[in-house]
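Participant: With the input below, show me the fold.
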Amino acid sequence: MATILSSPELEVDDAFAAIELYYEKGWTDGLPVVPPTPARVAEFVEASGRSPKEILGTIPERHREFSLEKLAINAVMAGCLPEYMPVLVAAVEAMTEPKFNLHGSTATTGNTTPLLVVNGPIAKELGMNWGVSLFGPGYRSNATIGRAIRLLLTNVGGCIPVVLDNATFGHPGKYTYCIAENEENSPWIPLHVEMGYPKQASTVTVFAAEGPHHASSGSSNPEDILNAFAYIMSSPGVFHWHCEWVLIIGQQHMNILARGGWTKDRIRHFIYEKARRKAAEFMRLGGLGASPHTAGAHDPEAVWQLLDRVEDLFVLAGGGAAGPTSVFIPPWRAGVASRSVTREIKRL
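Facilitator: From the prediction side, this is the model:
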């Protein structure tokens, strides 16, 4: 007999029966889970160095609390290793900070989910992917850390489709959405150092994010590449203003930009200036993206700016070296109500 940790504890005949029981109870993301036995969960709790009853964060609007033990249970179910717990603890603490607005960003009809970006030495120690097929399969740490967050949001946070997850379409990142920045090959300051942490620190940053969009340019001219980014990012239908954006620059583009002396900050300023559209372009599409409260909503010559502030664009290095492609990630459309949060990953 296998005892499965829950509240109350449940006994089943074997692991396969446990998997089917979790399907029956609706405690999965649609994929099979690893049975969270008390011994395995205790191992994860111990790896965190925290008390099992410690509350890591809450969703006040739903009267939900994320305890360390509940996080450990969902981490086991996701297929994590115990050494991933410090990353998960920091991620939960980050996304439950009020300015992230976890309730709004996970209950919205918008197609968003928390994106985790890991920086610092721990990314290499855990074998995280920051290169080829960055958002694809094949890396246990990326896949299961992101999945543990999703299972926690479902099983404890109530983020169940139709119940409290009202996304019109969602996106595959709702299974797992966790990456590392390519600090190893990057000529630029990594994200966590830009956020004020020492380089030897490890951090996780959370964004309320849509799925990744490709931005390709075969030019060898830095300004051509950046103009392409600005044009694609500010196209009607993608245009979300008053929000924070993520731009992940692939290695081919990164090398061209670095050779031309382009820093992350210079890239941000360029796109801030170029990512603009006249209201007329939106009006031709039936007012897509406009509201009566939008400045210049009824003036065809009004210019709408993608970024309110230069610092609303987060520039990262990542992805493979095989193609002239980068990726941008739009924010939650109502993203004025959600801001990214960075937390240090503290280890034993």
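Participant: Now do residue 345, the pLDDT please.
Facilitator: Residue 345 carries a pLDDT value of 98.
Participant: for residue 334, same thing?
Facilitator: Confidence for residue 334, expressed as pLDDT, is 67.
Participant: Give the partner strands of the helix or strand harbouring residue 214 in its sheet and their orientations.
Facilitator: In the assignment (DSSP states H and E), residue 214 maps to strand 213-216. Sheet pairing here is set by DSSP bridges, and for strand 213-216 it gives strand 325-329 (antiparallel).
Participant: Using neighbour counts, pick out the buried residues of the strand holding residue 214.
Facilitator: residue 215 (16 or more other C-beta atoms under 10 Å). Yep, even glycine has a C-beta here, placed from its N, CA and C like the rest.
Participant: Determine how far that strand lies from the middle of the whole chain.
Facilitator: 17 Å (C-alpha atoms, centre = their mean, to the nearest Å).
Participant: residue ranges for the strands of the chain, please.
Facilitator: Along the chain, counting by DSSP state E, strands occupy 2-4, 10-12, 55-59, 64-67, 113-119, 178-180, 203-209, 213-216, 245-249, 276-278, 303-305, 313-317, 325-329, 341-344.
Participant: Pull the last one out as CSV, backbone CA atoms only.
Facilitator: So the one you mean is strand 341-344. Extracted in CSV, the C-alpha atoms of strand 341-344 (Å, rounded to 0.1, in the frame of the first residue of the first chain):
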residue,chain,number,x,y,z
VAL,A,341,9.1,41.2,-8.9
THR,A,342,12.6,39.9,-8.4
ARG,A,343,13.5,37.9,-5.2
GLU,A,344,16.9,36.5,-4.1
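Participant: So what touches that strand?
Facilitator: 90-91, 93-95, 97, 99-100, 191-192, 195, 197, 201-206 (C-beta atoms under 8 Å, 6 or more residues apart in numbering).
Participant: Skipping its backbone neighbours, what lies nearest residue 211 in space?
Facilitator: Distances taken as C-beta to C-beta, 6 or more residues apart in numbering put residue 171 closest to residue 211, at 3.7 Å, once the chain neighbours are dropped.
Participant: thinking the one you found is in contact with residue 210, fair?
Facilitator: Yes. Residue 171 lies in contact with residue 210 (C-beta atoms under 8 Å); the separation is 6.5 Å.
Participant: So for the two, which residues contact both of them?
Facilitator: residue 111.
Participant: Look at these two and report which has more neighbours.
Facilitator: Neighbours were counted for residue 171 and for residue 210 using other C-beta atoms under 10 Å; residue 210 has more, 26 against 15.
Participant: so what's that one up against?
Facilitator: With contact set as C-beta under 8 Å, 6+ apart, residue 210 has these partners: 110-112, 171, 329-332.
Participant: Double-check residue 180 against residue 127; I have them as touching.
Facilitator: No. Under the criterion of C-beta under 8 Å, residue 180 makes no contact with residue 127, lying 9.7 Å away.
Participant: Kindly state the pLDDT recorded for the residue nearest to residue 203 when sequence neighbours are not counted?
Facilitator: Spatial nearest neighbour of residue 203, excluding adjacent residues (C-beta to C-beta, 6+ apart): residue 192 at 4.1 Å. Looking at residue 192, its pLDDT reads 98.
Participant: count of residues packed around residue 192?
Facilitator: The burial count for residue 192: 25, using other C-beta under 10 Å.
Participant: Let me see the contact set for it.
Facilitator: So residue 192 contacts 119-120, 199, 201-203, 205, 342 (C-beta under 8 Å, 6+ apart).
Participant: of those residues, buried ones?
Facilitator: Of these, these count as buried by 16+ other C-beta under 10 Å: 119-120, 201-203, 205, 342.
Participant: can you name the two of those that are farthest apart?
Facilitator: 201 and 205 (12.3 Å; C-beta to C-beta).
Participant: how far away is residue 52 from residue 11?
Facilitator: Plainly put, residue 52 is 21 Å away from residue 11 if you go by C-beta to C-beta, to the nearest Å.
Participant: When those two are compared, which one has more neighbours?
Facilitator: residue 52 (17 against 11).
Participant: Quick check: closest non-adjacent residue to that one.
Facilitator: Residue 52's closest residue in space is residue 69 (C-beta to C-beta, 6+ apart), at 3.8 Å.
Participant: And the pLDDT for that neighbour?
Facilitator: 97.
Participant: Give the buried residues for stretch 62-79.
Facilitator: In stretch 62-79, counting by 16+ other C-beta under 10 Å, buried: 62, 64, 66-79.
Participant: Need the residue closest to the centroid of the protein.
Facilitator: residue 115 (0.4 Å; C-alpha atoms, centre = their mean).
Participant: Give me the pLDDT for that one.
Facilitator: 98.
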